[in-house]
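Novice: need a 3D model of the sequence below.
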Amino acid sequence: MLEVKYFIIRHLLSIPIFIGSWIALQSGLGLHFALSGLLSVGPYAISIQLIKMIQSRKLVSRYGLSMSEYRHIKKQLKEAKAKLKQLNGYFVKVRSVRAFKQLFEMNRLAKRIFNIVKTNPKKFYQVETFFYAHLDTAVQLTSKYTLLVSQPVKAIDVQIALQETRETLLDLNQVMEQDLHQVLSSDIEHLKMELDFAKVSFKKQDLSLLMKGEIKNDRKSIDS
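Specialist: Modelled structure (predicted):
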């Protein structure tokens with residue numbers, strides 16, 4: 001969502017530069033209308049890239065990362081996106097309802113982890129194994145499984161391979177659940193801290209109200 005926002009901002013800021021360049025080239029240098037518009041694309045593209053660099057540095061500072069770290073994570077996210085597309089294409093090919101549910105759950109977990117890291121790139125370091133190993137394994141095993149399922153031959157060795165692959169995929173689902181829990185762990189801890197703080201604040205407020213009530217009652221007793 002933030003990337004979409006930054007994309008819109010870049011182009012909104014660059015449009016006046018494009019228009020200004022177009023007018024300057026046409027009126028100042030007396031160039032043809034169409035040629036001026038074509039040449040104005042240059043300043044427009046340059047301004048977009050400059051604004052993008054500024055936005056990237058702002059994001060890097062916001063997430064507490066170095067520029068090289070941010071670029072590396074962006075690269076990993078780009079590669080993971082392609083793998084997710086592969087994974088998404090595989091799970092719809094299975095015929096078994098049980099297998100479909102299993103692969104659908106794996107796809108859901110993988111997308112959830114990807115979106116969390118995309119929103120907060122610093123969380124990449126909490127689930128590096130997901131990007132370096134688990135997602136690759138998921139794609140390879142799912143590819144193998146869909147290939148075996150599509151075979152017309154149902155020999156005993158094929159059935160054994162299918163069963164082993166299903167069991168491995170089930171184990172991988174559990175591993176991905178752990179990955180998801182790991183990437184959410186800091187948020188969970190932060191939430192717990194906020195809840196503890198809220199509880200302490202409520203207790204202090206209740207105690208303060210109770211003490212005020214006791215003071216009022218004491219005053220009434222004295223007055224009576």
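Novice: CA only for contacts and neighbour counts going forward, please
Specialist: OK.
Novice: against residue 122, how distant is residue 71?
Specialist: Separation of residue 71 from residue 122 (C-alpha to C-alpha, to the nearest Å) stands at 12 Å.
Novice: compare those two (neighbour count), which wins?
Specialist: Neighbours were tallied for residue 71 and for residue 122 using other C-alpha atoms under 10 Å; the higher tally belongs to residue 122 (18 against 14).
Novice: how close does that one get to residue 57?
Specialist: Between residue 122 and residue 57 the distance, using C-alpha to C-alpha, works out to 14 Å.
Novice: count of neighbours near residue 4?
Specialist: Burial measure for residue 4: 9 neighbouring residues, criterion other C-alpha under 10 Å.
Novice: what helix or strand is it on?
Specialist: Secondary structure from DSSP states H and E places residue 4 in helix 2-23.
Novice: by contact count, what packs against that helix?
Specialist: Using 3 or more C-alpha pairs under 8 Å, 6 or more residues apart in numbering; DSSP states H and E as the contact test, the elements touching helix 2-23 are helix 33-39, helix 41-63.
Novice: going by mean pLDDT, which of these comes out lowest?
Specialist: By mean pLDDT, the lowest-scoring of those turns out to be helix 33-39, with a mean of 75.
Novice: flag every buried residue along it.
Specialist: 36-37 (16 or more other C-alpha atoms under 10 Å).
Novice: what does stretch 50-65 give?
Specialist: 51-52, 55-57, 59-60.
Novice: which residues touch it?
Specialist: Counting contacts by C-alpha atoms under 8 Å, 6 or more residues apart in numbering, the residues outside stretch 50-65 that touch it are 6, 10, 66-67, 70, 120-122.
Novice: now do residue 114 against residue 143, distance only.
Specialist: Summarising the geometry, the distance separating residue 114 from residue 143, computed by C-alpha to C-alpha, is 20 Å.
Novice: more neighbours, the two?
Specialist: Set side by side, residue 114 and residue 143 give different neighbour counts by other C-alpha under 10 Å, the larger being at residue 114 (22 against 17).
Novice: go ahead and confirm the more buried one touches residue 77.
Specialist: Yes. The pair residue 114 / residue 77 is scored as a contact, 7.3 Å apart, by C-alpha atoms under 8 Å.
Novice: out of the helices and strands packed on helix 2-23, which gets nearest to residue 181?
Specialist: Between residue 181 and these, the shortest separation by C-alpha to C-alpha is 20.5 Å, and it involves helix 41-63.
Novice: next, the angle from the closest one to helix 2-23.
Specialist: Between the axes of helix 41-63 and helix 2-23, defined by axes from the mean of the first three to the mean of the last three C-alpha atoms, to 10 degrees, the angle is 150 degrees.
Novice: what's in contact with the following helix or strand past helix 41-63?
Specialist: On the C-terminal side of helix 41-63, the nearest following helix or strand under DSSP H and E is helix 67-91. Residues from elsewhere that reach helix 67-91 (C-alpha under 8 Å, 6+ apart): 57, 60, 100, 103-104, 107, 110-111, 114, 118, 121, 124, 131, 135-136, 138-139, 142-143, 146.
Novice: try 7 Å
Specialist: By C-alpha atoms under 7 Å, 6 or more residues apart in numbering, the list of residues contacting helix 67-91 from outside reads 60, 100, 103-104, 107, 121, 131, 139, 142-143, 146.
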